[in-house]
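# Fold the following.
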Amino acid sequence: MYWLLAQYYPCIIFCYLCKMKLEQTKITSYLNSKVSVLNRIEPFFQSPFHSHPELELVYVKESFGKRIIGNSVMHFEPGDMVFLGSDIPHVWLNDEKYYQGIEELKANSIVVYFNKDIFGSAFYELQETQKINELFVQAGKGISIIGKTNKQIAKKLEKLLAKKDFEVIVGLFEILSMLSDSPDKIYINDEIYSLMQKDSKTDRISEVFQYVNKNYKKNISLEEIAAVANVTRTSFCRMFKLKTKKNFMDYLHEIRISNACKLLLETDKSMSEIAYECGYKTASNFNKLFKKCKGITPTEFKSNALV
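Have a look, this model is predicted:
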């Protein structure tokens, strides 16, 4: 079995990325707990590309390969630690060596799943917990934890495995408190990706976000989007710049490119098809704007997921 996986590994990964479909799950209902701390030891990581409403803290003890979080594709290795907010699509894919049946190789990780309401709603109204509230907002982009904080949290996670009941909640709070105060954080996805995932609110800018998310494939003019916000074109441009620190057309292109990344990872559609589905009339214009946003071409982005 392993030799067959190893022989066809490049094809398997290529097909996996091209056909990748998002599975939506609910971890804590499956585990019958509002917080779960697991030490997973497997021949290779086996979870599919999925998302769930629970927040997730992952610490890779042994294993290497490629992880996909949102529209980010990056290598991972022992010591990799990430904190994910609700409903962020993700998967860890091992290097081809893990499919060769080498007994010494294993995927060893500590994973914590928990619901945001684990501490109770009143907890988040306290002034002292506002940093943790902000941490949960930041986690909507996915957070890579590095440096001294990585090592400190790794030790706490090892101890958390041995704790039970209320001790687990106390231990989790200590980790979240440490992380909320730490500068050792790198955001995995950009602000635009986070905005796309957030629940809509009632203010004018949120209505604009909603409208763009539903209509980014169309040619949206400034007059049209200003009408959505119920303001003049001039007032809209000023308001949008003030709220987002960028002009509307740049935002529109970033939304389109973010959706293009999703199609590049999850489908085997051609570049022309993806360009058209994301609101671009020509593949050349799509390539130009994709490289402006991501620093690489769409072809390079997809190829990086296969390396």
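
# what pLDDT does residue 164 get?
Residue 164 carries a pLDDT value of 89.

# what stretches of the stretch 101-250 of the chain score poorly on pLDDT?
Within the stretch 101-250 of the chain, the stretches falling below the threshold (pLDDT under 70) are 191-203.

# Go again with 80.
Applying pLDDT under 80 to the stretch 101-250 of the chain flags the ranges 101, 120-125, 128, 190-206, 242-245.

# so what are the domain limits for the chain?
2-189, 192-304 (automatic domain parsing).

# In TSV: those, plus mean neighbour count.
Every C-beta, even on glycine, is put in place using the N, C-alpha and C of the backbone. Formatted as TSV, the entries for these read as follows, by neighbours: other Cβ atoms under 10 Å:
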stretch	mean neighbour count
domain 2-189	16
domain 192-304	16
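
# quick one: residue 228 from residue 209, how far?
Look at residue 228 and residue 209: by Cβ to Cβ, to the nearest Å, they are 10 Å apart.

# how about the helices in the stretch 101-250 of the chain?
When assigned using DSSP state H, counting those that start in this stretch, the helices of the stretch 101-250 of the chain occupy the ranges 130-138, 147-160, 166-181, 191-197, 204-215, 222-228, 233-244, 248-266.

# Could you give the bridge partners of residue 74?
Note on residue 74: beta-bridge partners by DSSP bridges are residue 67.

# Confirm for me that it is in contact with residue 64.
No - proximity of residue 74 to residue 64 does not meet the contact threshold set by Cβ atoms under 8 Å, at 11.6 Å.

# could you dump the helices of the stretch 101-250 of the chain to CSV with distance to residue 98?
Output for these, formatted as CSV (distance: least, Cβ to Cβ, whole Å):
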stretch, distance to residue 98
helix 130-138, 31
helix 147-160, 22
helix 166-181, 28
helix 191-197, 29
helix 204-215, 37
helix 222-228, 48
helix 233-244, 42
helix 248-266, 21
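
# out of these, nearest to residue 80?
Shortest distance between residue 80 and the helices of the stretch 101-250 of the chain, using Cβ to Cβ, is found for helix 147-160: 8.8 Å.

# and that closest one, what does it pack onto?
strand 55-62, strand 81-84, strand 107-114, helix 166-181 (3 or more Cβ pairs under 8 Å, 6 or more residues apart in numbering; DSSP states H and E).

# Pull up the pairing partners for the second one, direction included.
This means strand 81-84. Applying DSSP bridges, strand 81-84 is found paired with strand 55-62 (antiparallel), strand 143-145 (antiparallel).

# Tell me the gap between the shortest one and the middle of its chain.
Okay, so that is strand 143-145. Strand 143-145 sits 11 Å away from the centroid of its parent chain (Cα atoms, centre = their mean, to the nearest Å).
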